[in-house]
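Student: could you look at this predicted model? Sequence included:
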Amino acid sequence: MMRKYSNPSRGNIVLPVTLFVLCLVVEALNITAARAQQFEPPSLDGYIMHSERDGDGDGDGVNETRIKQYLNQQGDSLVSMTTEGRVWAWSLNTRDSDSGVKNYVIRDSDCDGTFDEVYGLDDDFHVPECVK
Ligand SMILES: [Ca+2]
Ligand SMILES: [Ca+2]
């Protein structure tokens, strides 16, 4: 039995190395999670359709995007952007974004049905290539 523990140094080294590798893996997973974000599309509860128009989502002069605006009683605005039957963005513009829900735009950048990017209302965002 004693021979088994005659050279304990190997075990002492392996454990820290294993912990180090584990830390790297956990770190890599954290980075992956931060990049592949998921945003839930907003609920239309309390909202009614206000207007509908076509817009140019990429600046090429062709209005390829159907833009539907919904309003609730407070005057908060939800806007959906649809191209080729696919909703690729939602934006929320509330009357009181200082104390209430923050305004945002979410975009499905790769047409997989998950909204994976978030923008501010003043940010540039375009119709994704995959819906064109
Ligand atoms: Ca266009
Ligand atoms: Ca996506």
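Tutor: Arrived safely. Ligands and ions are numbered 1, 2, ... in the order given.
Student: verify the stated contact: T83 with I67.
Tutor: No. Contact criterion C-beta atoms under 8 Å: T83 and I67 do not qualify, at 10.1 Å. For the C-beta atoms, the positions are set from N, CA and C on the backbone; glycine is no exception.
Student: who's more crowded, the two?
Tutor: T83 (22 against 17; other C-beta atoms under 10 Å).
Student: how near is the more buried one to C111?
Tutor: 10 Å (C-beta to C-beta, to the nearest Å).
Student: against T83, how distant is the closest residue to C111 other than its chain neighbours?
Tutor: Distances taken as C-beta to C-beta, 6 or more residues apart in numbering place C130 nearest to C111, at 3.8 Å, with adjacent residues excluded. Using C-beta to C-beta, C130 is found at 10 Å from T83.
Student: now the element after the helix or strand hosting T18, going C-ward?
Tutor: Using DSSP states H and E, the element containing T18 is helix 9-35. Once helix 9-35 ends, the next helix or strand along the chain (criterion: DSSP H and E) is strand 48-55.
Student: and the residue nearest to C111, which of the three is it?
Tutor: What DSSP: H, G, I helix; E, B strand; the rest coil gives for C130 is helix.
Student: wait, it touches G113, no?
Tutor: No. Counting by C-beta under 8 Å, C130 stays clear of G113, with 11.2 Å between them.
Student: more crowded one of those two?
Tutor: In this view C130 and G113 are compared by other C-beta under 10 Å, and C130 has more residues nearby, 14 against 10.
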